[in-house]
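Trainee: Quick one: sequence and predicted model below, then my questions.
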There are 2 protein chains.
Amino acid sequence: MSRLRLTPEIIELVAARFKALAEPARLEILNCLRGGEMTVTELVEASGLGQANVSKHLHILHSIGFVRRRKDGLFVWYMLADKGVMQMCDVMCGRLEQELKQRERLAG
Amino acid sequence: MSRLRLTPEIIELVAARFKALAEPARLEILNCLRGGEMTVTELVEASGLGQANVSKHLHILHSIGFVRRRKDGLFVWYMLADKGVMQMCDVMCGRLEQELKQRERLAG
DNA sequence: TGACTGTATGCCGATACAGTAATATACTTG
DNA sequence: CAAGTATATTACTGTATCGGCATACAGTCA
């Protein structure tokens, strides 16, 4: 499939991208952005996180290309960079769903 | 798509699964297992990591269902739990590949 | 210009986690 | 049983990072 050689450097880059998704706060932010672009303040209100915290998480998500930013006067609007980001989250959710069902079946 | 409600608890579980992939050592281990099941010692040799380290990483990967284990006398064989695990890695690799291409294009 | 608002950044304390060494456990073999 | 091997666990250390606070920066409006 992938034509990339899995050198240590590449593996590091891939790990860094998974790490961006490995934080509940960032998943929450990304999930908020499903509905369309939002300002930092809107994300603060929607997520319940601190402003500085949201800003930092957005910086991380932006630095690896998971979100895009657009300045509009005093505001900065953030949006998902592409569909692929949330598709990956959905796949992981799907795995988890199967897993939980399996456990229920065993327990019940 | 997913029928799971994204409660804080669920988001935490999803994040934990991404976190398992957010470590170069674990990606390396998973990648080694692409070729089939391997013992801990084989993984130690193939990855260059310490034995205790590999054991702990395998424990993490096993606890969230990314690998399966099979005891055979003194040995423990590990294998990928299913195709989905590496598919997710491949998707992330694909994203990275596009990203690197894009940068090349801009730089070149 | 000064006051105000939205966003980003630097610093700090607490915590989490990777890696290593030593040890414990499980199993085999003599 | 004792000795040896494969794996797991524990204790420890160094590093990274999250969250909060304070503050800096950027832009608007009077």
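Mentor: Cool, the structure landed. Numbering: from 1, shown residues only, chains lettered A, B, ... in the order given.
Trainee: Going by neighbour count, which residues in the lowest-mean-pLDDT helix or strand in chain A are buried?
Mentor: When the helices and strands of chain A are scored by mean pLDDT, DSSP states H and E, helix A:83-107 comes last with a mean of 92. Under the neighbour-count criterion of 16 or more other Cβ atoms under 10 Å in any protein chain shown, helix A:83-107 has A:V85, A:M86, A:M88, A:C89, A:V91, A:M92, A:C93, A:R95, A:L96 buried. C-beta coordinates here come from the backbone N, C-alpha and C atoms, glycine included.
Trainee: contacts with DNA strand D among those residues, please.
Mentor: Restricting the buried residues of helix A:83-107 to those within reach of DNA strand D (Cβ under 7 Å from any atom of the strand) leaves nothing.
Trainee: Can you narrow these down to the ones near chain B?
Mentor: A:M88, A:C89, A:V91, A:M92, A:C93, A:R95, A:L96 (Cβ under 8 Å from any Cβ of the partner chain).
Trainee: does the last one really touch B:V14, like I thought?
Mentor: Which is A:L96. Yes: shown here, A:L96 and B:V14 form a contact pair, counting by Cβ atoms under 8 Å, at 6.0 Å.
Trainee: do you know how far the nearest residue to A:L80 once chain neighbours are set aside is from chain B?
Mentor: Sequence neighbours aside, A:L33 is the residue nearest to A:L80 in space, at 5.0 Å (criterion: Cβ to Cβ, 6 or more residues apart in numbering or on different chains). Between A:L33 and chain B the computed distance is 13 Å (Cβ to the nearest Cβ, to the nearest Å).
Trainee: what's near enough to touch A:L33?
Mentor: For A:L33, the contacting residues are A:L43, A:V67, A:Y78, A:M79, A:L80, by Cβ atoms under 8 Å, 6 or more residues apart in numbering or on different chains.
Trainee: which one among those gets closest to B:L27?
Mentor: B:L27 has its nearest neighbour among the contacts of A:L33 in A:V67, at 23.3 Å by Cβ to Cβ.
Trainee: wait, isn't that closest one in contact with A:H59?
Mentor: No: between A:V67 and A:H59 there is no contact, the gap being 9.7 Å when judged by Cβ under 8 Å.
Trainee: Of these two, which one has the most company?
Mentor: The neighbour count for A:V67 versus A:H59, taken as other Cβ atoms under 10 Å in any protein chain shown, is higher for A:V67 (24 against 11).
Trainee: and the more buried one, how far is that from B:R68?
Mentor: Distance, A:V67 to B:R68, by Cβ to Cβ, to the nearest Å: 35 Å.
Trainee: Also A:R70?
Mentor: On the measure of Cβ to Cβ, A:R70 and B:R68 end up 46 Å apart.
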